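Chemist: Next come a sequence and a model predicted from it.
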Protein chains: 4
Amino acid sequence: MSHNTFGHLFRVTTWGESHGPALGCVVDGCPPGIRFTVADIQAELDRRRPGKSRFVTQRREPDAVKVLSGFVPHEDGETLVTTGTPISMMIENVDQRSKDYGEIARQFRPGHADYTYQAKYGIRDHRGGGRSSARETAARVAAGAIARKVVPGLVVRGALVAMGEKSIDRANWDWNFTDDPENPFFTPDPNSVPVFADYLDGIRKAGSSVGAVIEIVAEGVPAGLGAPIYGKLDQDIASLLMSINAVKGVEIGNGFEAARITGEQNADEMRMGNDGRPIFLSNNAGGILGGISTGQPVVARFAVKPTSSILSPRQSIDLDGKNVEVTTKGRHDPCVGIRAVPIGEAMVACAIADHYLRHRGQVGGGQSAVGGRQ
Amino acid sequence: MSHNTFGHLFRVTTWGESHGPALGCVVDGCPPGIRFTVADIQAELDRRRPGKSRFVTQRREPDAVKVLSGFVPHEDGETLVTTGTPISMMIENVDQRSKDYGEIARQFRPGHADYTYQAKYGIRDHRGGGRSSARETAARVAAGAIARKVVPGLVVRGALVAMGEKSIDRANWDWNFTDDPENPFFTPDPNSVPVFADYLDGIRKAGSSVGAVIEIVAEGVPAGLGAPIYGKLDQDIASLLMSINAVKGVEIGNGFEAARITGEQNADEMRMGNDGRPIFLSNNAGGILGGISTGQPVVARFAVKPTSSILSPRQSIDLDGKNVEVTTKGRHDPCVGIRAVPIGEAMVACAIADHYLRHRGQVGGGQSAVGGRQ
Amino acid sequence: MSHNTFGHLFRVTTWGESHGPALGCVVDGCPPGIRFTVADIQAELDRRRPGKSRFVTQRREPDAVKVLSGFVPHEDGETLVTTGTPISMMIENVDQRSKDYGEIARQFRPGHADYTYQAKYGIRDHRGGGRSSARETAARVAAGAIARKVVPGLVVRGALVAMGEKSIDRANWDWNFTDDPENPFFTPDPNSVPVFADYLDGIRKAGSSVGAVIEIVAEGVPAGLGAPIYGKLDQDIASLLMSINAVKGVEIGNGFEAARITGEQNADEMRMGNDGRPIFLSNNAGGILGGISTGQPVVARFAVKPTSSILSPRQSIDLDGKNVEVTTKGRHDPCVGIRAVPIGEAMVACAIADHYLRHRGQVGGGQSAVGGRQ
Amino acid sequence: MSHNTFGHLFRVTTWGESHGPALGCVVDGCPPGIRFTVADIQAELDRRRPGKSRFVTQRREPDAVKVLSGFVPHEDGETLVTTGTPISMMIENVDQRSKDYGEIARQFRPGHADYTYQAKYGIRDHRGGGRSSARETAARVAAGAIARKVVPGLVVRGALVAMGEKSIDRANWDWNFTDDPENPFFTPDPNSVPVFADYLDGIRKAGSSVGAVIEIVAEGVPAGLGAPIYGKLDQDIASLLMSINAVKGVEIGNGFEAARITGEQNADEMRMGNDGRPIFLSNNAGGILGGISTGQPVVARFAVKPTSSILSPRQSIDLDGKNVEVTTKGRHDPCVGIRAVPIGEAMVACAIADHYLRHRGQVGGGQSAVGGRQ
């Protein structure tokens, strides 16, 4: 885990600022022979793209991805086949004109990383958030689109489960609804749409912002991925989710709820299934025990803070150490958590792909089983 | 971040099982010239040692640490001075006799990593938890004792803030009380002791267990540590806290609360202080913005699940794939979260030490400041 | 050190094949505030560019570099200032049309990596060498151009000291001559030019090829860079030089000669200099003792094999396991070692830049000195 | 590759000084289910142990290894079975009394790392070479003994092929002779023993020392290990061989000879073998093309400089910056290259084990083959 790289065998390096010519990523260590299309990646990028509803920022970026290396073209003219060499992907910034940032260039916006960049580097790119721009996450999503294809049978999906004071009703959970065109929130609960819409319209019109909680569920994760101590699967998922802009908390399985209950309530009991694999009678563990996957769905949640770009004037300081009032102009996401859903999916997919390869490296392809077949 | 190693410049590798001859760690990358004593390290180890009250497991291990390399003795005969070479520390297991584990050796205890070890490796050390034993955390605490000395002025303290259904009153917070000999819980609230004691006695007598929430606060962290994207300070803290046995959730600053509030409520405003450094009017960010420290206290919390070693019989399966009932005998911690306090401190100290060296590597020793002095 | 990344703090990831749309690199961990121009990087790229004399391949590629991220523009309109975030550089392939490779696509050229790629990945990009194309080294040179600016006062130069059966006369060494426009060989010995020219014309006209030995000298390397055991400066230089295509041997200082002489002849004696730094009376060590720089010039040499692309028919096999005769058509470098000079310089510059930051991380900026001033 | 750790999946961390209580290593990432005995490891250690003939240092250290973790005992009472968790091994120093080093403690011995340690760290352990003691290599040999068991069918052997001005006759090469009890030199040429003995006796009696060249050959390396660019198998072998104390040069295959010959002479031709694998008609490549193993024997050579511990007085400086004359007393190896043979084998075995796991991680266990069977 380096500054702009994550992963051990499935390694992703991202680069780029929002106002430079382009941004992108290099995916290294991908197995050879994996087939994908540019459209596969573009589809994931389109899910996080701005401008799709009144509830997300109206900045218009087509976010068209180019794949620059790491493949040979298949004879069908559309499919790309990985060769095992690094896959470089790039997204050009269509509007990179440096507008006049005026005084904001010298002010530290509260809740943003302006001050800490200055404190660390003594220099910063103030244009549009620089490296901390949400646009960086497009590169993560592109990498995640490759990661999804590394583990056979893996399905990683995400949903927004709470927004500010409002939450979904889990009884209504419908995975088919999360990507419904009528659903601007990635919520799995159809009944929640009008509730969230009313609530967020109020936030938006007030020039305010609000946080959210996102849940990611990975199905088809084979038992045995991860490692006991510092290569825990849940540890790496937590690390990558926490690396997303504005994330302040991460849970695995029942998370903080586990701190409130007893061992009897918490430990997932097992019975033997007919297919030679255990059946767990609950999934408080979120599919991970001792850092290693159980074969159950892997479940993680993360909390996204409200964006600090709000209309209300805020007290701060500037580069000269003077007290100032900062007001953020322009249109922004009233709830940045919404677009964090595909980003969270990408992070979990990358973590699982990496551990899939790491497990295969240490232990080999096969898996041990109970029932005397080890 | 490898399977049994963490850190990039301040690197810690731990090894050992609870029933082997010993366990230990190697701390690599420590700066030269740092002075410490064996007693410094032993003092930290004694804080997490079992057997100190009726609320923790009665296993008797002296946990006496030996320092095997990486130092020259100071002429005072007690102080050790680091040379910049790897510091190897070892703790011998005094009672490593393999008792008869009987059928438990072939059973998968629910909520434990027994099944996942078997699924991953096809082999496991069933004696006392093997690598997943809580004893592994002694090595972390020893490493943390060194880490605390790497960053000048750094103070890392921890406290138990909730146990099962009971929580402290933050208005009573007293750091001096957390290590008080009359305080078996690391709680910062003196009034909470009888409440926790009554509650945990009930849990303990019922052969049950309960979870806890621990809060770690690091003061004296200079502004500028961390990095924007995948080397975020909060990311690495989350990763290391999640790597502790039984941890299911991690928060930075206000954590999940951030998801419920607005941008106005969440963003910490700033004023210029007299010492040329900003004053933050609140610390919802937990001392970290954009992955980089602000100079405020770094605040993290983590949720510890109840141990799955409980007296009640639980449904499970065994190595032959047969359904069984598992009962854990012997004495165990009714609340493993208590002893997680010094472990959490150690993890945060290690993360900060690593980022202190990484920052110095990339940017040099000095820090930029606001006020035209960059 | 991962598959397509090198360096620990100054990290370089390269990507791209010779017949894809582009190739490039991401330089991560560069200190902030470093000033450079696109022309600085282009100048280094031009030194390794093909087509500059009859002695190198005539493939025409402008190798025009674009810098895509990691900087803010200086107000002079030309200078770029690093921000500490990843620097992405890209070179587009101007002629990436897939010509008809015919049967060569299914044949394994002797001495090339065709067979091993197939054995490893089960798939390969046969177009122009794929990932093993010499074009990949352009990305290294671009990264090296940044590395040169990281260490104040560092000067890294290279020279061809032998070609096939011909060697230079070290008594004529003139650094000013290596980049002379009349010198197509990077030789430091003006007298060697006609010798090498005649010799290589013979090789070239015969459709043959020949190897070479390159020497790299880095001056201005502060004492103290490196580490004693597996982070040795000479180890990392050897690793990076050996990573260059076609390199089969690496030496530090007197290298293999050290195996032939006695301790009296080999150990460099020291006297105290007037500036408080030691004077070494010889430099058999090549500026490195125990893996750590002495402050003397760092000297490394590497052997480049003759390219296997030759006109003579060679015995081999094809993808179907049939015996075939392979003949390489088209123009190729008769001595690929010539263009390896700027590549070797880049590798040494990157290794030194990385260790400069690593040393600063562990030990801080200052250096200890002898003479009681530690 | 960190300061005291090498390897990516098969990772080795070593620690310890010659005059501390012990030294050792942690081997992380080893596959589970591998069987070994303490005697297996001890046998390798005994090969590099001092005191076996008059040609090596007479320091008496039993170098008895203890295995502290990472295994379960097999029921045969002798065999240990790896569990996939870190294997910690320790060798206690039997004689660690700090004798009076007197003025040598403040002098910088020419050709040793004394000055560079001081320049880097501002502090050093002057007792017996500290971290740079040849004793550190015992930990490498122990790790190598495990590595040898990771790759099925792998055989790694080494031989001394030159000592000072004397070389073996390759026509007499006999692998069975290298470990013959009558052979104090690891030479593969029985006829060379009296020649080396006479020569080295002269060196020894003069209080001088001499260098050597060692060759390592690994057989049973499957085709496909390594990676094209910065994860080259030859690169990692070169890196690890160069990390051995006193090594100044490394070659793969024909090495520097490749620089002197033509493409026709150098490229190894291929024919199809009856077993579906290619036959190479020569092995100039040393079993590696494009960084990836061909299936032929992997061949590497390295040059060891003469030890700088010699009886002749040498000019140097001391800690106070004063000019001094340094004389090394006590008994030392007249040719440290002899004992480098098992160390070189260990390094090559570790590099191959690591790449075996890395290959399996990225590509899976199976290998592609030519002949339409991919």
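Modeler: Perfect, I can see it now. Numbers count the residues shown, from 1 in each chain, chains lettered A, B, ... in the order given.
Chemist: all helices for the stretch 251-374 of chain A, in order.
Modeler: A:263-266, A:340-363 (DSSP state H, counting those that start in this stretch).
Chemist: can I get these in CSV with distance to A:Pro31?
Modeler: Any C-beta I mention is one placed from the backbone N, CA and C, and that applies to glycine too. Output for these, formatted as CSV (distance: least, CB to CB, whole Å):
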stretch, distance to A:Pro31
helix A:263-266, 37
helix A:340-363, 7
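Chemist: Tabulate those helices (CSV), appending distance to chain B.
Modeler: Output for the helices of the stretch 251-374 of chain A, formatted as CSV (distance: least, CB to the nearest CB, whole Å):
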stretch, distance to chain B
helix A:263-266, 4
helix A:340-363, 6
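Chemist: Pick the most buried one from those.
Modeler: helix A:340-363 (a mean of 27; mean count of other CB atoms under 10 Å in any protein chain shown).
Chemist: closest point of the stretch 51-200 of chain A to chain B, which residue?
Modeler: A:Ala113 (2.3 Å; CB to the nearest CB).
Chemist: Please name the nearest non-neighbouring residue to A:Ile41.
Modeler: Nearest residue to A:Ile41, sequence neighbours excluded (CB to CB, 6 or more residues apart in numbering or on different chains): A:Ala145, at 4.3 Å.
Chemist: Check A:Leu23 too.
Modeler: Closest to A:Leu23 by CB to CB, 6+ apart is A:Gly16, at 2.5 Å.
Chemist: Name all residues that make contact with that neighbour.
Modeler: A:22-24, A:91, A:131, A:135-136, A:139, C:68-69, C:86, C:88 (CB atoms under 8 Å, 6 or more residues apart in numbering or on different chains).
Chemist: sorry, back to before: out of the helices of the stretch 251-374 of chain A, which is closest to B:Val56?
Modeler: helix A:263-266 (15.4 Å; CB to CB).
Chemist: Could you dump the helices of the stretch 251-374 of chain A into a markdown table with mean pLDDT and distance to C:Asn274 added?
Modeler: Below are the helices of the stretch 251-374 of chain A laid out as a markdown table (pLDDT from 0 to 100; distance: least, CB to CB, whole Å):
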| stretch | mean pLDDT | distance to C:Asn274 |
| --- | --- | --- |
| helix A:263-266 | 96 | 73 |
| helix A:340-363 | 97 | 55 |
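Chemist: which one of these lies closest to A:Thr82?
Modeler: helix A:340-363 (12.4 Å).
Chemist: Is chain D within reach of that closest one?
Modeler: Yes: judged by CB under 8 Å from any CB of the partner chain, helix A:340-363 comes into contact with chain D through A:357-358, A:360-363.
Chemist: other SSEs contacting that helix?
Modeler: Here helix A:340-363 touches helix A:38-48, helix A:136-147, strand A:155-163, strand A:212-219, helix A:233-242, strand A:298-304, helix B:114-121, helix D:340-363, going by 3 or more CB pairs under 8 Å, 6 or more residues apart in numbering or on different chains; DSSP states H and E.
Chemist: Export the ones you listed as CSV, with columns for distance to C:Gln296.
Modeler: Formatted as CSV, the helices and strands packed on helix A:340-363 follow (distance: least, CB to CB, whole Å):
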stretch, distance to C:Gln296
helix A:38-48, 51
helix A:136-147, 43
strand A:155-163, 55
strand A:212-219, 55
helix A:233-242, 43
strand A:298-304, 53
helix B:114-121, 50
helix D:340-363, 25
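Chemist: hang on, the earlier thing: and the residue nearest to A:Ile41, how many neighbours does it have?
Modeler: A:Ala145 is flanked by 24 other residues according to other CB atoms under 10 Å in any protein chain shown.
Chemist: Please apply the same query to A:Gly153.
Modeler: The number of residues near A:Gly153, taken as other CB under 10 Å, comes to 8.
Chemist: what's the answer for the one 10 residues further on, then?
Modeler: For A:Met163, the neighbour count with other CB under 10 Å is 29.
Chemist: tell me the contacts of it?
Modeler: Contacts of A:Met163 by CB under 8 Å, 6+ apart are A:185, A:196, A:199-200, A:210-213, A:335, A:337-338.
Chemist: Pull out the buried members of these.
Modeler: A:185, A:196, A:199-200, A:210-213, A:335, A:337-338 (16 or more other CB atoms under 10 Å in any protein chain shown).
Chemist: from those residues, which are also near chain B?
Modeler: Checking these against chain B (CB under 8 Å from any CB), the matches are A:210-213, A:337.
Chemist: give the contact list for A:Ile216.
Modeler: Contacts of A:Ile216 (CB under 8 Å, 6+ apart): A:156-158, A:241, A:299-302, A:344-345, A:347-348.
Chemist: Up against chain D, what does the stretch 251-374 of chain A have?
Modeler: Residues of the stretch 251-374 of chain A lying near chain D (CB under 8 Å from any CB): A:357-358, A:360-365.
Chemist: Stretch A:63-73 and chain C in contact?
Modeler: Yes: counting by CB under 8 Å from any CB, chain C has neighbours in stretch A:63-73: A:66, A:68-70, A:72.
Chemist: Near A:Arg329, how many other residues are there?
Modeler: Careful, residue A:329 is Lys and not Arg. Applying other CB under 10 Å, I find that A:Lys329 has 10 neighbouring residues.
Chemist: OK, contacts around it?
Modeler: The neighbours of A:Lys329, taking CB under 8 Å, 6+ apart as the test, are A:Leu311.
Chemist: Check what pLDDT it gets.
Modeler: A:Lys329 is assigned 75 on the pLDDT scale.
Chemist: Then A:Gly144?
Modeler: pLDDT, read off for A:Gly144, is 98.
Chemist: now A:Cys25: how far from chain C?
Modeler: A:Cys25 sits 9 Å away from chain C, going by CB to the nearest CB, to the nearest Å.
Chemist: no, scratch that, I was asking about A:Arg271
Modeler: Applying CB to the nearest CB to A:Arg271 and chain C gives a distance of 41 Å.
Chemist: Over to A:Gln362?
Modeler: 17 Å.
Chemist: And for A:Ala212?
Modeler: For A:Ala212, the distance to chain C - CB to the nearest CB - is 27 Å.
Chemist: I'd say that residue and B:Ala259 touch.
Modeler: Yes: A:Ala212 lies in contact with B:Ala259 (CB atoms under 8 Å); the separation is 5.6 Å.
Chemist: Give me the common contacts of the two.
Modeler: A:162, A:164, A:303-304, A:337.
Chemist: what sits against A:Ala259?
Modeler: Counting by CB under 8 Å, 6+ apart, A:Ala259 has contacts B:162, B:164, B:211-213, B:248-249, B:303-305, B:337.
Chemist: likewise A:Ala143?
Modeler: A:12, A:14, A:25, A:27, A:89, A:346, A:350.
Chemist: Spell out which parts of the stretch 51-200 of chain A neighbour chain C.
Modeler: A:66, A:68-70, A:72, A:81, A:83-88, A:90, A:120-125, A:130-131.
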